[in-house]
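Asker: got a predicted structure plus its sequence, pasted below:
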Amino acid sequence: MRVVIVDDEALARRRLKRLLGAEPDVEIAAEAADGRSALQAIAAARPDAVFLDVQMPTIDGVEVARRLPSPRPAIVFVTAFDHYAVQAFELQAIDYLLKPVARDRLAESMTRVRHRLRHRGADDPALSALLERFAAAPRWLERVPVRSPGRVDLVDVAAIDWIEAANNYVVLHAGRDTHILRSTLADVAAGLDPRRFVRIHRSTVVAIDRIVRLDAMTRGDYEVLLKDGTRVLMSRTYRAGLDRVLKGAPLI
């Protein structure tokens with residue numbers, strides 16, 4: 001079975017590659033880190049199955065799947081968020097994996113993929129219909145599910161002031177509350193509306209409407225003051241991104 005792995009996070013690609021490499025009948029035909037290169041890799045490799053990240057910048061996983069010619073390879077969506085989209089995938093018998101991918105869950109997914117390949121035929125009309133529906137739906141998260149033992153809290157995105165990376169976790173700061181999510185900052189940021197949030201540091205994302213002031217520091221860095229008094233660092237590497245969301249107003 002020839003497989004292509006598509007994810008904009010190198011760590012996620014490595015994990016999937018390691019887990020899939022333990023399957024005796026799997027050959028990793030190609031990897032891709034964005035939607036455009038994914039389309040090229042899939043066209044060149046002609047895989048039997050694609051493990052496809054949902055949240056990617058510019059061309060996301062749903063759009064990649066829509067652009068594939070019929071019959072499509074077996075598609076397994078990969079996502080960091082267990083929200084309504086995942087439920088819809090499941091109802092339509094399209095498999096998905098939640099990050100971080102668990103070995104036993106991947107084994108279940110491979111069983112479904114092998115079954116699909118044994119009954120390979122025309123493109124699945126349910127998949128086609130679902131992809132069309134999701135192409136027209138809003139792509140940005142409105143609530144983020146945060147799991148803890150015995151419960152799942154749904155955090156309103158509108159309540160989030162800023163987000164920070166902390167090793168293998170992400171911390172959501174919402175007023176006086178903090179919520180710890182097992183994910184990467186890149187995965188969380190990919191699901192946020194870029195008109196409402198901006199990344200200002202490799203470990204920090206802030207809500208644009210919470211920014212009050214930018215204080216210049218040395219070497220082109222800035223200290224960003226938020227409405228609640230929090231101060232976070234903006235590195236010069238991310239300055240252009242904040243310039244764009246501020247309608248091109250230069251930072252001086």
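Answerer: Thanks, I have the structure now. Numbers count the residues shown, from 1 in each chain.

Asker: point out where the chain drops to low pLDDT.
Answerer: 81-94, 120-139, 247-252 (pLDDT under 70).

Asker: break it into its domains for me.
Answerer: The record's domain parsing of the chain by automatic domain parsing lists 2-134, 143-245.

Asker: span of the shortest one from start to end?
Answerer: Spelled out, it's domain 143-245. 22 Å (C-alpha to C-alpha, to the nearest Å).

Asker: now do the contacts for the residue nearest to Leu11 when sequence neighbours are not counted.
Answerer: Leaving aside its chain neighbours, Leu11 sits nearest to Thr184 (7.0 Å; criterion: C-beta to C-beta, 6 or more residues apart in numbering). Backbone N, C-alpha and C define where each C-beta goes, glycine included. Applying C-beta atoms under 8 Å, 6 or more residues apart in numbering to Thr184 gives the contacts Glu9, Leu11, Ala12, Ala80, Lys99, Ala165, Asn168, Val170.

Asker: for those, which one is nearest Tyr222?
Answerer: Taking C-beta to C-beta as the measure, Tyr222 lies nearest Ala165 of the contacts of Thr184, at 18.7 Å.

Asker: how distant is stretch 186-194 from the center of its chain?
Answerer: 7 Å (C-alpha atoms, centre = their mean, to the nearest Å).

Asker: one step back: deepest of the domains of the chain, which one?
Answerer: domain 2-134 (a mean of 17; mean count of other C-beta atoms under 10 Å).

Asker: does the helix or strand encompassing Phe77 pack against any helices or strands, and if so which?
Answerer: Assessed by DSSP states H and E, Phe77 sits inside strand 74-79. Secondary-structure packing of strand 74-79 (3 or more C-beta pairs under 8 Å, 6 or more residues apart in numbering; DSSP states H and E): strand 49-53, helix 61-67, helix 84-91, strand 96-98, helix 103-118.

Asker: what angle do it and strand 49-53 make?
Answerer: 20 degrees (axes from the mean of the first three to the mean of the last three C-alpha atoms, to 10 degrees).

Asker: residue contacts, the most centrally placed residue in the chain?
Answerer: Closest to where the C-alpha atoms of the chain average out (C-alpha atoms, centre = their mean) is Gln55, at 3.1 Å. If you count contacts by C-beta under 8 Å, 6+ apart, Gln55 has them with Gly61, Thr79, Ala80, Phe81, Asp187, Ala190, Gly191.

Asker: let's see it at 7 Å
Answerer: Thr79, Ala80, Asp187, Ala190, Gly191 (C-beta atoms under 7 Å, 6 or more residues apart in numbering).

Asker: show me the helices in the stretch 151-252 of the chain, by range?
Answerer: Assigned helices in the stretch 151-252 of the chain, in chain order: 185-190, 239-245 (criterion: DSSP state H, counting those that start in this stretch).

Asker: what's the spacing between the longest one and its chain's center?
Answerer: The offset between the C-alpha centroid of helix 239-245 and the centroid of the whole chain comes to 21 Å, using C-alpha atoms, centre = their mean.

Asker: that helix - contacts with which helices or strands?
Answerer: strand 197-201 (3 or more C-beta pairs under 7 Å, 6 or more residues apart in numbering; DSSP states H and E).

Asker: re earlier: mind listing residues that contact the strand holding Phe77?
Answerer: 7, 48-55, 61, 65, 86, 89, 94-99, 101, 109, 113, 116-117.

Asker: and that strand, which strands flank it?
Answerer: Paired neighbours of strand 74-79 in the sheet (DSSP bridges): strand 49-53 (parallel), strand 96-98 (parallel).
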